[in-house]
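Colleague: Need a 3D model of the following:
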Amino acid sequence: MLAFLFWVAILTILYVYLGYPLAQLVLSKLRPDPPQRSNLIPKVTILIAAYNEESVIEDTVRNKLLLDYPQESLEIIVIVDGCEDGTEDIVKSIQAPNLRLLRQIPRAGKTSALNMGIAEASGEIIVFSDANSLYEPKALRQLVANFADPKVGYVTGKMVYQSEAGSLVGDGCSGYMKYENMLRNLETSVGSVVGVDGGIDAVRKSLYRPMQPDQLPDFVLPLTVIDQGYRVVYEPHAVLCEASLHEDTDEYRMRVRVSLRAYWALWDMRHLLLFRRNSLFSWQLWSHKVLRYLCFVFLFVAFLVNLVIVGQGFIYILFLLLQLCCYGFALGAPWLERRGYGTSFSHFCRYFLLLNLASAHAFGKFICGKKQILWTPRKG
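Modeller: Coordinates of the predicted model:
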């Protein structure tokens, strides 16, 4: 019985990170369904929710004003969410006819800020940018080109994290995003992507549904678009550059927050998991999100059971050594880095462990009924 439990855990982990992407690759070859694209120039509104972002907000706004897109078809709205620094004054100092400033007082969080911004937006396409998100010049054109396909309701771009040399969490985050972007590309070839980042996303305004303040817009909104019968696709040529976090503690807190809000999003949209209306997407949602976020359970079971049955054969000794090696590299990565022996493998192991510990922490909060609406900005 214990051996069976061990193999279920191991095979589930392998399925989540290897089997599911391979299945998407096969499906993309057997039944490709890429979105139609054309050179559209719809009226676009870019929404930027900001809380105490005085160090980055000017660069972000000016970046949007310099995009390769007709200014008469572009509107930029910055929603300051109860800011206590100079963010509002900085935005006011930027002279541009298509730039608007909204105030959300008292502070109510990003989701409420986006709900406010939508009510004031004039664009038929709404683009969401973080306060520290810098787009490549043609990113907006590439993003909206996918809306030529009437089946497409939501488009997400390519997140590229830039890390300082020697940053363990930065290198791990960059590697993780390369994996995620590869998977999103495959999912788009088949139907819809399951996860987006929120820093370079676009939705048809007609499909936007106001969200509760505690809901994660990067997750709930794409799911509501799917629920309305439209596709969510990935555009690899719409590139966003952001600085990665440098410290494990900062990345860990961010991952706990995102995971907690994702658990609640899955709970709120749980009917999409029932294989009723869109069985393909239900399978994708289970594989890419539910099992991924719960992978910490299978990792714990695999390690604990392996300790108990290690004497039952050489294969169990081998798997235990493999697990000890990976966890050893994860825990010892800072020591290896200080001595010049850091490798991509040790960075990956540490980031993988960080992600799963954060998911476990967030799951505990979810079970206890805790929610998080407000948070401090990312520190790049």
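Colleague: how about the residue sitting nearest the centre point of the chain, phi and psi?
Modeller: A centroid search over the chain (C-alpha atoms, centre = their mean) returns residue 197, at 3.2 Å, as the residue closest to the centre. Main-chain torsions, residue 197, degrees, to the nearest 10: phi -100, psi -30.
Colleague: I'd like the next helix or strand past the helix or strand containing residue 8.
Modeller: Residue 8 is part of helix 2-14 when elements are defined by DSSP states H and E. Downstream of helix 2-14, the first helix or strand assigned by DSSP H and E is helix 20-30.
Colleague: mean confidence for that next one?
Modeller: Mean pLDDT, taken over the full extent of helix 20-30, equals 96.
Colleague: neighbours around residue 176, how many?
Modeller: Around residue 176 there are 17 other residues, counting by other C-beta atoms under 10 Å. Heads up, the C-betas are built off the backbone N, CA and C, glycines and all.
Colleague: Quick one: name whatever helix or strand follows the lowest-mean-pLDDT helix or strand in the chain.
Modeller: Between all helices and strands in the chain, the lowest mean by mean pLDDT, DSSP states H and E belongs to helix 168-190, at a mean of 82. Taking DSSP H and E as the definition, the helix or strand that follows helix 168-190 towards the C-terminus is strand 201-204.
Colleague: hang on, residue 239 in a strand?
Modeller: Yes. If the criterion is DSSP: H, G, I helix; E, B strand; the rest coil, then residue 239 is within a strand.
Colleague: on that earlier part again, and the angle for the least confident helix or strand of the chain with helix 20-30?
Modeller: For helix 168-190 against helix 20-30, the angle between stretch directions is 30 degrees (axes from the mean of the first three to the mean of the last three C-alpha atoms, to 10 degrees).
Colleague: just checking, what packs against helix 168-190?
Modeller: In terms of contacts (3 or more C-beta pairs under 8 Å, 6 or more residues apart in numbering; DSSP states H and E), helix 168-190 is packed against helix 20-30, strand 152-162, strand 231-243, helix 248-268, helix 314-338, helix 344-367.
Colleague: Could you identify which of these is most buried?
Modeller: Per-residue neighbour counts averaged over each of these give the maximum for strand 152-162, namely a mean of 24 (mean count of other C-beta atoms under 10 Å).
Colleague: any idea of the angle that strand forms with strand 231-243?
Modeller: For strand 152-162 against strand 231-243, the angle between stretch directions is 20 degrees (the same axes, to 10 degrees).
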